[in-house]
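Novice: can't give you the sequence, but here's the structure:
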Ligand code: NAI
């Protein structure tokens, strides 16, 4: 039987980065088990394919909207080819997944292609994808990094053909005339952006009273405004979907808003109402006691602050443990779990995880919002810079955008920042860096912000 220091189940950004860390930093002998392609949701069905499609769609929409004003001609007749868009997406995904395979090789991590099932605290069975023969592996530590899958809500008609999750939508082969999106969270708003930029009439139906309910209120209000006014996206909040029906070759989504029943027709319906932990088939019958010990009622794997479960030697990270379900969080958790199982004591600042949404303009946030600081009775000052006055924003003809920050009143220590502007997803790391290192606004003002850049907005704000 092959013996390892660490067996990782799941080859997403949580699992594969943990494998590299364990091999490189600690000299561990590592095996990684993946039933599909290396890269997980992020590379194959999430971050990378969606952002590739979004980049193309937003480039098209931007040129069509502003091209003539910028001096380009013929932009009104610009068009797209769905097969070519998909081809570009596949090429990017392939390059990155092949890159991960190369990294496994160069770090001497053994990759097993199949389903991994825990037999006991030190043994995992691999049900191989390309062979009927099972392999049993032994290890000192096991890391569960199996990720999540899109939730399907219990709405009548949710199983009709044409009602899709983000997994299916990513392979959409034809342009769509009408799309209804159920759930105005991150996935919902990014797909609304993507398809509206491709000319689809998009309707978003959100149960709560605002889209992006986890973000700062001004960000969700401003995005809703830009989505409605500039992109023609129809957004219904405090609206409950009651049923999806097939009617005259279309899907009809029936929903209740302000106690009134309404309906909207579409070619396709996207369900984007959150994600569930992937634990099906993860435990052999011999490990049912372990399953009972570490699974929560909601089907998540429960861990302590070291990412260790109640079963000695078994760790878990990423979407399967719940919390903030983001690729960069899974990666950080994986590296932390590896450090801890190798005798270290490492922790992550979960209060300063940057969130990034790839709409146009982009949205990003880190640390506290003003409302959160008030809830914690912290006296703060807030500052806001409208990016309409920023040269680079004028050059590229971006939409209404701004940067805000929250700092401690007395010390001027930065507590949080929220941005809605071009390159917000790149610039947010500056604020994260500042909060992590306890910088004040005066500290942030010590550097020269290059001109002309979007980052000058940050310079204006902290001075
Ligand atoms: P989400 O939790 O962000 O949003 C789901 C939304 O659906 C919520 O606003 C909720 O109120 C609403 N909802 C739930 N049931 C509903 C119903 N029956 N009718 C109408 N609305 C309903 O989940 P989402 O968007 O599916 O994303 C899943 C995860 O993936 C999140 O943790 C997200 O952070 C992550 N993700 C992150 C991205 C990024 O960082 N750019 C991109 C895509 C996903």
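Specialist: Yep, that arrived. Nothing here was measured: the structure is a model prediction, and the numbers come from that model. Numbering: from 1, shown residues only.
Novice: give me the phi and psi angles of residue 284.
Specialist: Comment: the main-chain dihedrals of residue 284 come out as phi -70, psi 160, following degrees, to the nearest 10.
Novice: I'd like to know how many residues surround it.
Specialist: When counting by other CB atoms under 10 Å, one arrives at 16 neighbours for residue 284. Every residue, glycine included, has its C-beta placed from N, CA and C.
Novice: quick one, what contacts it?
Specialist: The contact partners of residue 284, taken as CB atoms under 8 Å, 6 or more residues apart in numbering, are 117-119, 125.
Novice: just residue 91 next, same as before
Specialist: Residues near residue 91 by CB under 8 Å, 6+ apart: none.
Novice: what about it, which helix or strand?
Specialist: Under the criterion DSSP states H and E, the helix or strand holding residue 91 is helix 82-106.
Novice: pull up the gap between the residue nearest in space to the middle of the chain and residue 385, please.
Specialist: With the centre of the chain defined as its mean C-alpha position, the nearest residue by CA atoms, centre = their mean is residue 326, 4.7 Å away. Here the distance between residue 326 and residue 385 works out to 26 Å (CB to CB, to the nearest Å).
Novice: now the phi/psi pair for the residue of the stretch 101-250 of the chain found nearest the ligand, please.
Specialist: Here the residue of the stretch 101-250 of the chain nearest the ligand is residue 185; by CB to the nearest ligand atom that distance is 1.8 Å. Per-residue torsions, residue 185: phi -90, psi -150 (degrees, to the nearest 10).
Novice: just use 42 as the starting number from now, easier for me
Specialist: Yep, numbering from 42; the last one is residue 226 now.
Novice: run a quick check on it versus residue 316, I expect a contact.
Specialist: No: in terms of CB atoms under 8 Å, residue 226 does not count as a neighbour of residue 316; the distance is 10.0 Å.
Novice: one step back: next one: the residue nearest to the centre of the chain from the ligand, what distance?
Specialist: Remark: distance between residue 367 and the ligand (CB to the nearest ligand atom, to the nearest Å) = 5 Å.
Novice: pLDDT score for that residue?
Specialist: According to the prediction, residue 367 has pLDDT 98.
Novice: could you do residue 417 as well?
Specialist: Reported pLDDT at residue 417 in the predicted model: 97.
Novice: so who does residue 418 touch?
Specialist: Residue 418 makes contact with no residue under the criterion CB under 8 Å, 6+ apart.
Novice: are we agreed that it is in a strand?
Specialist: No: according to DSSP: H, G, I helix; E, B strand; the rest coil, the state of residue 418 is coil, so it is not within a strand.
Novice: quick check: the gap between it and the ligand.
Specialist: To the ligand, residue 418 is 28 Å away according to CB to the nearest ligand atom.
Novice: likewise residue 68?
Specialist: Relative to the ligand, residue 68 is positioned 33 Å away (criterion: CB to the nearest ligand atom).
Novice: tally of neighbours for that residue?
Specialist: The burial count assigned to residue 68 is 11, neighbours taken as other CB under 10 Å.
Novice: phi first, then psi, for it.
Specialist: Note on residue 68: backbone dihedrals following degrees, to the nearest 10 are phi 60, psi 20.
Novice: quick one: residues in contact with stretch 265-276.
Specialist: When contacts are taken as CB under 8 Å, 6+ apart, the neighbours of stretch 265-276 outside the stretch itself are 102, 106, 225, 230, 233-234, 237-238, 242-245, 247, 251-252, 305, 400, 402, 440-441.
Novice: buried stuff in it?
Specialist: Burial within stretch 265-276, assessed by neighbour count using 16 or more other CB atoms under 10 Å, is assigned to 265, 267-268, 272, 274, 276.
Novice: which of these fall in strands?
Specialist: Secondary structure assignment by DSSP state E places residue 276 of the buried residues of stretch 265-276 in strands.
Novice: run a quick neighbour tally on the residue of the stretch 142-291 of the chain closest to the ligand.
Specialist: Residue 226 sits with 21 neighbouring residues when counted by other CB under 10 Å.
Novice: next one, pLDDT for it please.
Specialist: As predicted, residue 226 sits at a pLDDT of 98.
Novice: now swap in residue 385 and tell me
Specialist: Model confidence at residue 385, expressed as pLDDT, equals 88.
Novice: name the element it belongs to?
Specialist: Here residue 385 is assigned to no helix or strand, by DSSP H and E.
Novice: that older thread, for the residue lying closest to the residue of the stretch 142-291 of the chain closest to the ligand once chain neighbours are set aside, give me the pLDDT.
Specialist: By the measure of CB to CB, 6 or more residues apart in numbering, the closest residue to residue 226 outside its immediate chain neighbours is residue 313, 6.2 Å from it. Residue 313 is assigned 98 on the pLDDT scale.
Novice: show the contacting residues for the residue of the stretch 142-291 of the chain closest to the ligand.
Specialist: 247, 252-255, 313-315.
Novice: and the ligand, which of those reach it?
Specialist: With the criterion set as CB under 6 Å from any ligand atom, the members of these near the ligand are 247, 254, 313-315.
Novice: most widely separated two among those?
Specialist: Using CB to CB, those span at most 13.1 Å, a distance reached by 254 and 313.
Novice: the two: which has the busier surroundings?
Specialist: Under the criterion of other CB under 10 Å, the comparison of residue 254 against residue 313 puts residue 313 first, with 25 against 14.
Novice: ok, the more buried one - contacts?
Specialist: For residue 313, the contacting residues are 191, 206-207, 222-224, 226, 228-229, 232, by CB under 8 Å, 6+ apart.
Novice: show me which residues of the helix holding residue 132 are buried.
Specialist: By neighbour count, with 16+ other CB under 10 Å as the criterion, the buried positions of helix 123-147 are 126-127, 130, 133-134, 137-138, 141-142, 144-145.
Novice: name the element residue 439 belongs to?
Specialist: Using DSSP H and E, residue 439 falls within no helix or strand.
Novice: residues near it, how many?
Specialist: Summarising burial for residue 439: neighbours were counted as other CB under 10 Å, giving 22.
Novice: skipping adjacent residues, who's closest to it in space?
Specialist: Computed as CB to CB, 6+ apart, the closest residue to residue 439 that is not its neighbour in sequence is residue 463, at 4.8 Å.
Novice: ok, now residue 414?
Specialist: Nearest one to residue 414, counting by CB to CB, 6+ apart, is residue 421 at 4.6 Å.
Novice: neighbours around the one you found, how many?
Specialist: Using other CB under 10 Å, residue 421 is surrounded by 18 other residues.
Novice: just the one 10 residues further on next, same as before
Specialist: Neighbouring residues of residue 431 were enumerated by other CB under 10 Å; the total is 25.
Novice: what's the separation between it and residue 233?
Specialist: Residue 431 sits at a distance of 26 Å from residue 233 (criterion: CB to CB).
Novice: what's the answer for residue 255, then?
Specialist: Distance, residue 255 to residue 233, using CB to CB: 17 Å.
Novice: neighbour count winner among these two?
Specialist: Between residue 255 and residue 233, counted using other CB under 10 Å, the more crowded position is residue 233 (27 against 11).
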